[in-house]
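> Need coordinates for the below:
(chains A and B)
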Amino acid sequence: MTELDAEALCQQLAAQMRPHVTPATALVGIYTGGLWLAERLHTELGITQPLGAIDVSFYRDDYASKGLHAKPQRTEITFNVDGAHVILVDDVLFTGRTTRAALNELFDFGRPGVVELAVLLDRGGRELPVAARYCAHTLAEPLPRSQNLELQRDEDGQLTFQLTQTPAVER
Amino acid sequence: MRNPQLNKHGELQHLLTLDGLPREIVTTILDTATPFAAVAEREVKKLPLMRGKSVFNLFFENSTRTRTTFEIAAKRLSADVVNLNINTSSAAKGESLLDTVDNLCAMHADMFVVRHAASGAPMLIAQHLQHTGRDDVRVINAGDGRHAHPTQGLLDMYTIRHFKHDFTNLTVAIVGDVLHSRVARSQIAALTTLGVPEVRVIGPRTLLPTEVEKLGVRVFHDMSEGLKGVDVVMMLRLQNERMNGALLPTPQEYYKIWGLTADKLTLAKPDAIVMHPGPMNRGVEIDSAVADGTQAVILPQVTFGIAVRMAVMSMLGSH
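I've put the predicted structure just below:
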């Protein structure tokens, strides 16, 4: 998976989105990888709406079985959600459950006009009827569930993909 | 013996006392409370975490602030909240504490928030639940006798961190009726756990527990000496209802010697904050000019209390 060039995919994603956004389009990044990506896109696409950030910890559907995720971050949506054109941004689209949680949280801030989803990579394995409007790359074969794929950011702000084995006993 | 508040994975199962609670858990609660505090600024002040859970507020002693903030916290987490008015309940007809608990468990309680005049009552309930195979029911101590008031201690730590950012360079004074105060015990435990280098207790000999210095505090019987150079002044309420002897002359005399006035506050650092767990006795332990002054953070304490209780409930609330 290291052959995936996150930086190049980032450019492709921005190119896909460019014809469809205006400075008033609102981007909302999902912690952590999605927020890094959204920060990039926000600059690349010359968006003037303040960037939003969502931590879905309080809306996850596995809370009852797995408990609260460690170190939840503060969700910040400072633009007016009512009637807005919102693009949720995440690094990797997998089951669709994170997107569902982010949608629920977004709607607690108001009633958006249009919500779309932008992701760097679709790894397959969907469990919910969720699709990305903008997606830079779709894996030909879905990744096994035992593998975890996520974005990393180094000290210089460079984005790379990291593939790890999910621990046998998941917390 | 393992800490009865923690499960075998070292995770918080009940919150009974801050004494002996590992520093990482205290810090995690404070960290978790921060995003919960932001929920109050939203249009919809509600999160779905505890949807379908039943929280029972079991208050065997009067309380307005604590019961209300626990109720708001549970409701913001979407739990169903039942407030038990014990004065008019079966306890008044002679039902035992554990029978009450068993009956509420039969109504599928998921969490008990307990306030009781007897030290150790919440612990007794937690042990009873364990012995009767109901490990999935959680207990939060909302104040027991003179023993502990852990969520008050935590919200005080959250407040200090909010205004002072770091615990490791602070001098903190706890002033007044330490003897009857479960709040003071929880504060001392939390402050020492979080690495505050100097914790002072200030009060008359009759209102300080014997050998209080064994808790790791410096003892002062002189208000002016004790307040010198402190960063945080934590006032305590004079608990007249728990006193049954000649511990004090008169409230007026107490105020003269131990009441926090603007004059005495000048001895502390210029940017010192003043805290009080409420309810305040104005003109007894604190002067109105100080309570309403710029250094007081008494109302932020109340607001932060909701976020801290949301954090504790949500950390306990999953199975």
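> For the residue nearest the centre of chain A, list the residues it contacts.
The residue at the geometric middle of chain A, judged as the C-alpha nearest the mean C-alpha position with CA atoms, centre = their mean, is A:Asp90 (1.1 Å). Contacts here follow CB atoms under 8 Å, 6 or more residues apart in numbering or on different chains; on that basis A:Asp90 touches A:29-30, A:33-34, A:37, A:98-99, A:102, A:117-120. To be clear about C-beta, it is placed using only N, CA and C from the backbone, and glycine gets the same treatment.
> Looking at strand pairing, list the partners for it.
The residues listed as beta-bridge partners of A:Asp90 by DSSP bridges are A:Val119.
> By residue count, what's the longest helix in chain B?
The residue-count maximum for a helix in chain B (DSSP state H) belongs to helix B:298-316.
> Helices of chain A, start to end?
Counting by DSSP H, the segments of chain A that form helices are A:6-17, A:33-44, A:63-66, A:97-107.
> And the ones you listed: which comes nearest B:Leu104?
For B:Leu104, the closest of the helices of chain A is helix A:63-66, at 20.8 Å, according to CB to CB.
> Any part of that closest one near chain B?
Yes: among the residues of helix A:63-66, A:63-66 lie within reach of chain B under CB under 8 Å from any CB of the partner chain.
> could you dump that helix to CSV, C-alpha only?
Extracted C-alpha coordinates of helix A:63-66, given in CSV (Å, rounded to 0.1, in the frame of the first residue of the first chain):
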residue,chain,number,x,y,z
TYR,A,63,-19.8,3.2,21.9
ALA,A,64,-21.9,0.6,23.8
SER,A,65,-19.5,-2.2,23.0
LYS,A,66,-16.1,-0.4,22.8
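> What residues of it count as buried?
Applying a neighbour-count criterion of 16 or more other CB atoms under 10 Å in any protein chain shown, one finds A:Tyr63 buried in helix A:63-66.
> Can you give the distance of it from its chain's centre?
With CA atoms, centre = their mean, to the nearest Å as the basis, helix A:63-66 stands 22 Å off its chain's centre.
> Show me which residues of chain A are close to chain B?
Applying CB under 8 Å from any CB, one finds that chain A approaches chain B through A:55, A:57-59, A:63-68, A:70-76, A:104, A:108-110.
> what about burial for those, which qualify?
Neighbour-count burial within these applies to A:55, A:57-59, A:63, A:67-68, A:72-73, A:75, A:104, A:108-110; the criterion is 16+ other CB under 10 Å.
> Report the two of these separated the most.
Among those, the pair separated by the greatest distance (CB to CB) is A:Gly67 and A:Gly110, at 29.3 Å.
> in which helix or strand would I find B:Gly143?
Under the criterion DSSP states H and E, the helix or strand holding B:Gly143 is strand B:138-144.
> now the helices of chain A in JSON lines, with mean pLDDT?
Rendered in JSON lines, the data for these read as follows (pLDDT from 0 to 100):
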{"stretch": "helix A:6-17", "mean pLDDT": "97"}
{"stretch": "helix A:33-44", "mean pLDDT": "97"}
{"stretch": "helix A:63-66", "mean pLDDT": "86"}
{"stretch": "helix A:97-107", "mean pLDDT": "97"}
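> Throw those into TSV and include distance to B:His14, thanks.
Converted to TSV, the helices of chain A look like this (distance: least, CB to CB, whole Å):
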stretch	distance to B:His14
helix A:6-17	44
helix A:33-44	35
helix A:63-66	18
helix A:97-107	28
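> B:Thr68 is nearest to which of the ones you listed?
Evaluated with CB to CB, those place helix A:63-66 nearest to B:Thr68, the distance being 25.3 Å.
> ok, residues contacting the one helix or strand B:Val219 maps to?
Taking DSSP H and E as the definition, one finds B:Val219 inside strand B:218-220. By CB under 8 Å, 6+ apart, the residues outside strand B:218-220 that reach it are B:173, B:198-202, B:208, B:212-213, B:226.
> before we move on, back to that, could you measure from the residue nearest to the centre of chain A over to A:Thr32?
10 Å (CB to CB, to the nearest Å).
> Show me what counts as buried in the strand holding B:Gly143.
Under the neighbour-count rule (16+ other CB under 10 Å), strand B:138-144 has B:138-144 buried.
> Equivalent analysis for stretch B:306-319, please.
Going through stretch B:306-319 with 16+ other CB under 10 Å, the ones that come out buried are B:306-318.
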